[in-house]
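1. here is a sequence together with a model predicted from it:
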Amino acid sequence: MAGFLVLLYGLDLLVTHGNIPRGVSVAGVDVGGMSHAKAEDLLREEIEPRLDQPVAYVAGEVSGEFNPKQAGLALDWDATLEQAGDQPLNPFTRIASFFTTTELGVVTTPEENQFANAMKALRKEINQDPVEGDVVFEGAQPKAVEPKQGQELKEDQAREVILAHWVSGEQLELPVDSTPVTVSMEEVQKALKQVAEPAMSGPVVIRGEGADGVLEPEEIAAGLSFEAKDGSLVPKIDQKKIIAGVKEELASTEKEGKDATIVFKDGKPTVEPSEDGVKIQWDETLKPLLDVLKKTEGRELQASYKEEPAELTTEEAEGLGIKEVIGEFTTGGFAPDSGVNIRVVAEKVNGAIVKPGETFSLNEFTGPRTKAQGYVEAGIIENGAPGKAVGGGISQFATTLYNAYYFAGLKDAGHKEHSYYISRYPKGREATVFQNPDGSSVIDLKFTNDSPHGVAIQTIWTPSDITVRLWGTKRYEVKSETGPETDKVPPPEKEGPAENCQPSPGAPGFTVTDTRIITDIETGQEVRREERTVKYNPQPKIVCKDKRDD
């Protein structure tokens, strides 16, 4: 008997030598016991039609399909068959192969860039953020949001499944991890019943001093939300939205504060008194709101008020020592369009107070100088050449203000002269300013009040001139000494435009030094001398070509 079995084993070994082991199936195709050549033919016959067909998949709660060609998938026939191996020599394994099945996938050689893009697209389709349980409002109607777990593709495992089984013809199961939520539906219902629904049961009245504000349910809903925290839904109040619902109704119960100001009556500075403001203290007023929203009756709040003192009180303004002229200057000769802009800026600056230690910035104080603020197009010098822009001519006001604080003995905190000398201004003692269209500063004029007293700016405009007068407590006598013009540069010659050419003789460039001499008015002693050297560019001589020369 034993000899017979040995004979059968040898015969089977001889007959199946080189064949694929029994019970082997590749991508659902039974190739067990076949020669490699026959198995390849059968696999090609069965599988090749599937190579161009969409591959269906399911991943958690998401199902879909992808194009294998677009994913860069290509089947390696030789490697697929090689993994099946040859008939085993072990007799027990050979006997077991008659009764068992071994399912093998295919061997795939993907184009890595395409496959990476395909995996990225799958992630986008399959990955889902968790939806926390929540309560939201549609108008004044609260709605429960059911919590829902999220999911995330297990990329490494999914890659293996796809590469091995994409030609199986069956739907692939791609593995995912669940992303849990923290708020249960029970907690959602609790927030809905205990907070959201009572909150929408009616209006909330805020009792003010002399008027009331009413928060309608829709306005409450706009300012009420819930936040997931430690497994519960915590109600939150958006104070800005709640305030917006009643601000207009309660506006009459508040009072705007007013700083003390300096006005000029009969040519002298007078303090116009300050007024303290009264404002609703919203933090205090809305502190009980959440408790009130949980009730269906007695839905009222009492507005809490606080005084807002003026930043500059009457007493402070009167104590600044603004009593006499400390510096003054006048310029004229401007064009009508420039005059419009000078008037607008003068009206803005008139009455400005600069406290001890403060720095006044002309660009910062006026803000943007555009048509919206009343400015018009007028002459400017840009990049060394004459032109036009909205707000042009303000440099004349800057020059006048500069000279006023120059003769007041105040500290210059930054200015820049024109690139060309303009004859209506003092040599070496003038300034220009410039802004970008958005109002941001490019060239500014600044001075610091380095005195122990306040400084008030008075402006006096007429159609022919502008005067800036600074008031405070006089400390100094100031004298200006202007040196001779040196390093003169003749004007270059430049051909004017073909149309509307206007010849100009130009002007030479030169360098000049101005010296500010500051003397103490009480002692008569010189305090300091400040020199500033300015270099002016030559103004080109404009030559107009005679058309008869053509």
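-> Everything's here; your move.

2. of all residues in the chain, which one is nearest the centre?
-> Central residue of the chain (Cα atoms, centre = their mean): Asp438, 16.5 Å from the mean position.

3. where does pLDDT dip in the stretch 251-400 of the chain?
-> Applying pLDDT under 70 to the stretch 251-400 of the chain flags residues 381-386.

4. skip the chain neighbours and tell me the closest residue to Ala408.
-> Excluding its sequence neighbours, the residue lying closest to Ala408 (Cβ to Cβ, 6 or more residues apart in numbering) is Gly327, at 2.8 Å. Glycine gets a C-beta too; all of them are placed from N, C-alpha and C.

5. swap that for Ala71, sorry
-> Here the nearest residue to Ala71 in space, its sequence neighbours aside, is Ala118; by Cβ to Cβ, 6+ apart that works out to 3.6 Å.

6. what about the one you found, which SS state?
-> With DSSP: H, G, I helix; E, B strand; the rest coil as the basis, Ala118 sits in helix.

7. any idea how many residues pack against it?
-> 22 (other Cβ atoms under 10 Å).

8. just to revisit the earlier point, could I get the contacting residues of the residue nearest to the centre of the chain?
-> By Cβ atoms under 8 Å, 6 or more residues apart in numbering, Asp438 lies in contact with Pro368.

9. how far away is the residue nearest to Ala71 from Val527?
-> Per Cβ to Cβ, to the nearest Å, Ala118 is found 82 Å from Val527.

10. what does Lys120 give?
-> Counting by Cβ to Cβ, the separation of Lys120 from Val527 is 75 Å.

11. hang on, Val390 packs against Thr370?
-> Yes: Val390 is within contact range of Thr370, at 5.9 Å (criterion: Cβ atoms under 8 Å).

12. between these two, who's got more neighbours?
-> Neighbour count, other Cβ under 10 Å: between Val390 and Thr370, Val390 has more, with 18 against 14.

13. pretty sure the residue nearest to Ala408 contacts Tyr402?
-> No: contact criterion Cβ under 8 Å: Gly327 and Tyr402 do not qualify, at 10.3 Å.

14. same drill for the two, tell me which one is more crowded.
-> In this view Gly327 and Tyr402 are compared by other Cβ under 10 Å, and Tyr402 has more residues nearby, 27 against 22.

15. what sits against that one?
-> By Cβ under 8 Å, 6+ apart, the contact set of Tyr402 is 412, 415, 429-431, 445, 447.

16. keep only those of those that are in strands.
-> Those of the contacts of Tyr402 mapping onto strands are 412, 447, per DSSP state E.

17. adding distance to Glu311, pLDDT and neighbour count, write the contacts of Tyr402 out as CSV.
-> Formatted as CSV, the contacts of Tyr402 follow (distance: Cβ to Cβ, whole Å; pLDDT from 0 to 100; neighbours: other Cβ atoms under 10 Å):
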residue, distance to Glu311, pLDDT, neighbour count
Asp412, 26, 97, 16
His415, 28, 97, 22
Arg429, 34, 97, 20
Glu430, 34, 97, 24
Ala431, 29, 97, 25
Leu445, 24, 97, 26
Phe447, 21, 98, 25
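
18. please identify which of the contacts of Tyr402 is nearest to Pro142.
-> Leu445 (58.7 Å; Cβ to Cβ).

19. any idea how far that closest one lies from Val344?
-> Distance of Leu445 to Val344, computed by Cβ to Cβ: 16 Å.

20. likewise for Gly267?
-> 22 Å.

21. and the two? which has more neighbours close in?
-> Per other Cβ under 10 Å, whichever of Gly267 and Val344 has more neighbours is Val344, with 21 against 9.

22. okay, and the helix or strand of this protein with the least pLDDT?
-> Of all helical and strand segments in the chain, the minimum by mean pLDDT, DSSP states H and E falls on helix 2-15, at a mean of 44.

23. what is the very next helix or strand once past that one packed up against?
-> Sequence-wise, the next helix or strand downstream of helix 2-15 (DSSP states H and E) is strand 24-26. On a contact count with 3 or more Cβ pairs under 8 Å, 6 or more residues apart in numbering; DSSP states H and E, strand 24-26 meets strand 102-104.

24. apply 10 Å and report the result again.
-> helix 36-47, helix 77-82, strand 102-104 (3 or more Cβ pairs under 10 Å, 6 or more residues apart in numbering; DSSP states H and E).

25. what's the first helix or strand after that strand?
-> The C-terminal neighbour of strand 24-26 among helices and strands, as given by DSSP H and E, is strand 29-30.

26. give me the distance between the closest residue to Gln157 other than its chain neighbours and Gly367.
-> Nearest non-adjacent residue to Gln157, counting by Cβ to Cβ, 6+ apart: Pro175, 4.7 Å away. Distance, Pro175 to Gly367, by Cβ to Cβ: 62 Å.
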